[in-house]
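Participant: this one's structure only:
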Ligand code: TXA
Ligand code: MG
């Protein structure tokens, strides 16, 4: 049985207690719901991988209530401090060299000499992390390869019975995962994952940074990055310019295509922040309708490549990628 905990003092204390005992609690951050476990206990981290069916070569992000707590586990450069002052609490994950006294288990770090750390935004998640008093490893609270959860209900759909509790902190404000920035490479920082903090905002602080030019370049830098991810059951067709009645439509902007069997408009006004916040919910909604009505595909209208639009495009590209075990089209 997975307990639903309310985000009040009693619920937060119960959640922290479960985490300290080595149990698993999903909780909302500003990005998506994370599946939390005590990063210092290998058994707890192992349970995270089991609950998600996640391949073990995939390192996890550790979450902290403050930059000070995060930086006790890593060697933080002046640039890391500046980024933390500017963007934390918030949707930015920093990859930094592991500090000699780091207490994070090798399993959470996948045995790497670097660690992913972040201070999420949100009153409840910060209280939970402070009450727990340990680094909390938390990947998105979905089964591996599936759509990330942006509401407590989505976590129950994915993991009911497989984890101890869900702390219901309401819907997630940003709606897609944190931006991952690697500060360990020689030379410029490397943007490993587009996310909640737009690249343009980071560039104002860091100056120009490097982008992996291809999936093949990114894979060794960001282990566990999978081309097929966020996958709904329906096949995904990107950049649709027309749509048929046996298809579901993920629309964007004031002129949605007409003729689809079902429509979810990411943002009628063409607002990219609103679109990001509604993306995963929309994919889930259309996927459920698709199963009920026997739709053949999920058509997606183009989304602009600026600001958080780059992160939206990244998630949609992965949703459309060939699935493991599926013949390459
Ligand atoms: O918004 C988020 O970041 C959410 C919430 C729950 O905080 N978490 C999340 O975790 O998206 P996850 O496990 O789904 O994604 C972690 C990403 C992966 O792409 C992984 O490869 C990368 O961070 N990562 C973790 N440790 C790393 C390391 N030492 N070096 C390079 N990449 C790393
Ligand atoms: Mg994930």
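Facilitator: That came through, no problem. Treat the numbers as computed from the prediction; the structure is a model and nothing was measured. Ligands and ions are numbered 1, 2, ... in the order given.

Participant: use CA for all of it now, contacts and neighbours both
Facilitator: OK.

Participant: surely residue 49 is in contact with residue 58?
Facilitator: No. Using CA atoms under 8 Å, residue 49 makes no contact with residue 58, being 9.1 Å away.

Participant: neighbour count: these two, which is higher?
Facilitator: Counted by other CA atoms under 10 Å, residue 49 and residue 58 do not tie: residue 49 has more neighbours, with 20 against 17.

Participant: output the contacting helices and strands for the helix or strand harbouring the more buried one.
Facilitator: Assigned by DSSP states H and E, residue 49 belongs to helix 42-52. In terms of contacts (3 or more CA pairs under 8 Å, 6 or more residues apart in numbering; DSSP states H and E), helix 42-52 is packed against strand 33-38, helix 106-109.

Participant: so residue 56 is in contact with residue 108, correct?
Facilitator: No. Using CA under 8 Å, residue 56 makes no contact with residue 108, being 9.2 Å away.

Participant: this structure: helices as residue ranges?
Facilitator: 9-20, 42-52, 67-71, 78-87, 106-109, 123-132, 152-159, 199-206, 215-221, 272-293, 309-320 (DSSP state H).

Participant: output those helices as a markdown table; include the columns mean pLDDT and distance to residue 34.
Facilitator: Putting the helices of the chain into a markdown table (pLDDT from 0 to 100; distance: least, CA to CA, whole Å) gives the following:
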| stretch | mean pLDDT | distance to residue 34 |
| --- | --- | --- |
| helix 9-20 | 98 | 13 |
| helix 42-52 | 96 | 10 |
| helix 67-71 | 98 | 17 |
| helix 78-87 | 97 | 19 |
| helix 106-109 | 94 | 14 |
| helix 123-132 | 98 | 10 |
| helix 152-159 | 97 | 9 |
| helix 199-206 | 93 | 23 |
| helix 215-221 | 69 | 22 |
| helix 272-293 | 96 | 14 |
| helix 309-320 | 95 | 17 |
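
Participant: export those helices to CSV and tack on distance to ligand 1?
Facilitator: As requested, these are arranged in CSV below (distance: least, CA to the nearest ligand atom, whole Å):
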stretch, distance to ligand 1
helix 9-20, 15
helix 42-52, 10
helix 67-71, 13
helix 78-87, 13
helix 106-109, 6
helix 123-132, 10
helix 152-159, 12
helix 199-206, 15
helix 215-221, 6
helix 272-293, 13
helix 309-320, 12
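
Participant: I'd like those as JSON lines, with distance to residue 300 appended.
Facilitator: Output for the helices of the chain, formatted as JSON lines (distance: least, CA to CA, whole Å):
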{"stretch": "helix 9-20", "distance to residue 300": "38"}
{"stretch": "helix 42-52", "distance to residue 300": "27"}
{"stretch": "helix 67-71", "distance to residue 300": "38"}
{"stretch": "helix 78-87", "distance to residue 300": "31"}
{"stretch": "helix 106-109", "distance to residue 300": "35"}
{"stretch": "helix 123-132", "distance to residue 300": "33"}
{"stretch": "helix 152-159", "distance to residue 300": "21"}
{"stretch": "helix 199-206", "distance to residue 300": "23"}
{"stretch": "helix 215-221", "distance to residue 300": "22"}
{"stretch": "helix 272-293", "distance to residue 300": "10"}
{"stretch": "helix 309-320", "distance to residue 300": "8"}
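
Participant: what about the ones you listed, which gets the closest to residue 142?
Facilitator: Nearest to residue 142 among the helices of the chain is helix 152-159 (5.5 Å), distances taken as CA to CA.

Participant: what's next to stretch 301-308, contact-wise?
Facilitator: Applying CA atoms under 8 Å, 6 or more residues apart in numbering, the contact partners of stretch 301-308 are 194-200, 238-241, 249-252, 256-257, 272-273, 276, 309-310, 312-313.

Participant: can you give me the end-to-end span of that stretch?
Facilitator: Stretch 301-308 has an end-to-end distance of 16 Å (CA to CA, to the nearest Å).

Participant: which of the contacts of stretch 301-308 are buried?
Facilitator: For the contacts of stretch 301-308, a burial check counting by 16 or more other CA atoms under 10 Å picks out 194-199, 238, 240, 249-252, 256-257, 272-273, 276, 309-310, 312-313.

Participant: returning to what we had before: which of residue 56 and residue 108 has more neighbours?
Facilitator: For residue 56 versus residue 108, neighbours defined as other CA under 10 Å are more numerous around residue 108 (31 against 14).
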